[in-house]
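1. Compute the structure for the input listed below.
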Amino acid sequence: MAANGASKTADQLQSDMEQLRADVSAMMETIGKLAEDGKHEGARRVREVRDRVIDQAEKSKEAVESQIVERPLVSVLAAFGVGMLLGRLLDRR
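-> Below is the predicted model:
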């Protein structure tokens, strides 16, 4: 009888191990799908941010161009002043 009980325990253990393998396999498949979905969502967000940055840069460029057209002398003097300032800062090294 002890052998019969041990056999049932071994069978139950083997059945539990098979169920565990199936559960782990299903869990890994689910994790893989979630990771794939997360990758696509991350890429979508990066594209959205990139598009917003490009739009903002284009608007800034247009604003600067309009300021240069409206006030060319001020723009030239500002560029000259910035150049002088950078020249002095870099010359100190």
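
2. just checking, next helix/strand downstream of the longest helix out of those in the chain?
-> Across the chain, the longest stretch assigned as helix under DSSP state H is helix 2-70. Helices and strands here follow DSSP states H and E; after helix 2-70, the next one along the chain is helix 72-91.

3. And that following helix, what does it pack against?
-> Applying 3 or more CB pairs under 8 Å, 6 or more residues apart in numbering; DSSP states H and E, one finds that helix 72-91 contacts no other helix or strand. Every residue, glycine included, has its C-beta placed from N, CA and C.

4. Tell me what angle it forms with helix 2-70.
-> 120 degrees (axes from the mean of the first three to the mean of the last three CA atoms, to 10 degrees).

5. Mind listing what's buried along helix 72-91?
-> Neighbour counts over helix 72-91 (16 or more other CB atoms under 10 Å) mark no residue as buried.

6. taking the mean pLDDT, what do you get for that helix?
-> In this model, helix 72-91 has a mean pLDDT of 91.

7. just stretch 22-35 next, same as before
-> On average, the pLDDT along stretch 22-35 is 90.

8. gap between it and the chain center?
-> 23 Å (CA atoms, centre = their mean, to the nearest Å).

9. now stretch 85-93
-> Its chain's average C-alpha position is 38 Å from that of stretch 85-93, according to CA atoms, centre = their mean.

10. Check stretch 46-56 too.
-> 13 Å.

11. Quick check: the gap between the residue nearest the centre of the chain and residue 61.
-> Closest to where the C-alpha atoms of the chain average out (CA atoms, centre = their mean) is residue 42, at 5.3 Å. Applying CB to CB, to the nearest Å, the value for residue 42 to residue 61 is 29 Å.
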